[in-house]
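# Quick one: sequence plus predicted model below, questions after.
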Amino acid sequence: MQTIRTAILSFGLSGKVFHAPFIHQHPGYELVSIWERTKSASVEIYPYVKIVRSFEEILDDENIDLVIVNTPTGTHYEYAKKVLEAGKHAVVEKAFTSTVEEAIHLDQLAIEKNKVLSVFQNRRWDSDFQTVQKVIKDGLLGTVLEAEFHFDRFKDELSPKKHKETAGPGAGLLYDLGPHLIDQSICLFGMPEAVFADIRTLRTHSQVDDYIDLLLYYSSVRVRLKSGLLVKEPIPSFIVHGSVGSFIKSRADIQEAALLAGEKPDQPNWGEEPVSEMGLLNTKIHGTEERRQVPTLAGNYGSYYDLLYGALTGKNDNPVSAKDGIRVMQILEAAVKSNRDKKVIDL
């Protein structure tokens, strides 16, 4: 089995929770290096991994095949560019870049260097979204006419991470949780024709946006995407209405909480939601009215790394291509312009 020798550029929440556990457990990857600027936190969990103190150590290491760019959004373009120029494959966290222009340039560079460039959109493999996707694909709602997706939290205090709360490229909720919602919409409905956005700052002393309301215009379906950091009582996160029925579902994927608690993704029943979080389907099937709960599919972020391994070894397509990332960036930029100009922006 071909081994993909991998390095991670940060061991904060992203590296520790979303990347290292899945790279570690996959037989096709070898976690070689982790860039920790001053700490050595990774040694307790991965004592076999080399801790490096500079980005250049990773770029100069000819034994590294793949680099995970999971640093703050404003650095994604610079780091991913250098990774590709060093002849290595790259996975870039969301938001892919700070601008569409940067995203297009990275895509072109990856093609020029014949390297795989992938965007880490792990929320495609959330249990809740997987279930919504299956309900729609199976035709249980008929023709989808309206969809509303929420990604809400309650965080009235500012984050201690300065890059998250300091105004600048890629900062704010639009570029933090917005890419998840937008990517999920594109997965289900394709690229919209236009965008209207209302983007606000509601928390006291916040310097960045913490509320977004996006309306994506399609010819046959109305899609609304919302996210806020002052939502104390959650409502259904997925509301989908079709020509014969409706489906509502909570955002209840357990993987992030399990990983934060130190659980390993190779354990039995990984990614299975509580039965109490099943979605509600109200529809008509073969002329018969049905109103019932729908069992939730298990989530698994490891599926991304399985598919990425296939892409790196020439067995399947890139699970989340740079072009996927470009599409998300185009909608993000259109949303910023729409909010500024208070008008619908054509794509």
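Right, received. Where do you want to start?
# and the residue lying farthest from the centre of the chain, how far is that from Val244?
Centroid-distance maximum for the chain: Gly287 at 38.2 Å, with CA atoms, centre = their mean. Note on Gly287: its distance to Val244, by CB to CB, to the nearest Å, is 10 Å. (C-beta placed from N, C-alpha, C; glycine too.)
# what sits against Ala194?
Counting by CB atoms under 8 Å, 6 or more residues apart in numbering, Ala194 touches Leu216, Tyr217, Ala334, Val344, Ile345, Asp346, Leu347.
# Mind doing that once more with 6 Å?
Tyr217, Val344, Asp346, Leu347 (CB atoms under 6 Å, 6 or more residues apart in numbering).
# What subset of these is buried?
Using 16 or more other CB atoms under 10 Å as the burial test, these include Tyr217 as buried.
# Among the contacts of Ala194, which pair sits farthest apart?
Using CB to CB, those reach their maximum pairwise distance at Val344 and Leu347, which is 10.2 Å.
# So which residues of the stretch 1-150 of the chain form helices?
13, 20-25, 55-60, 73-85, 100-113, 127-137 (DSSP state H, counting those that start in this stretch).
# Gly310: which of the ones you listed is closest?
helix 20-25 (14.4 Å).
# quick one: buried residues of that closest one?
For helix 20-25, by 16+ other CB under 10 Å, it's Ala20, Pro21, Phe22, Ile23, His24.
# Run through the neighbouring helices and strands of that helix.
The contact analysis (3 or more CB pairs under 6 Å, 6 or more residues apart in numbering; DSSP states H and E) places helix 20-25 against strand 29-35.
# Return the distance of the strand it packs on from the chain's centre.
Remark: strand 29-35 is offset 21 Å from the chain centroid, using CA atoms, centre = their mean, to the nearest Å.
# same deal with stretch 11-30?
With CA atoms, centre = their mean, you get 15 Å for stretch 11-30.
# and that stretch, how far apart are its ends?
16 Å (CA to CA, to the nearest Å).
# Give me the contacts around it.
Under CB under 6 Å, 6+ apart, the answer for stretch 11-30 is 1, 3-6, 8, 31, 34, 36, 41-42, 68, 70, 122, 259, 265-266, 301-302, 305, 309.
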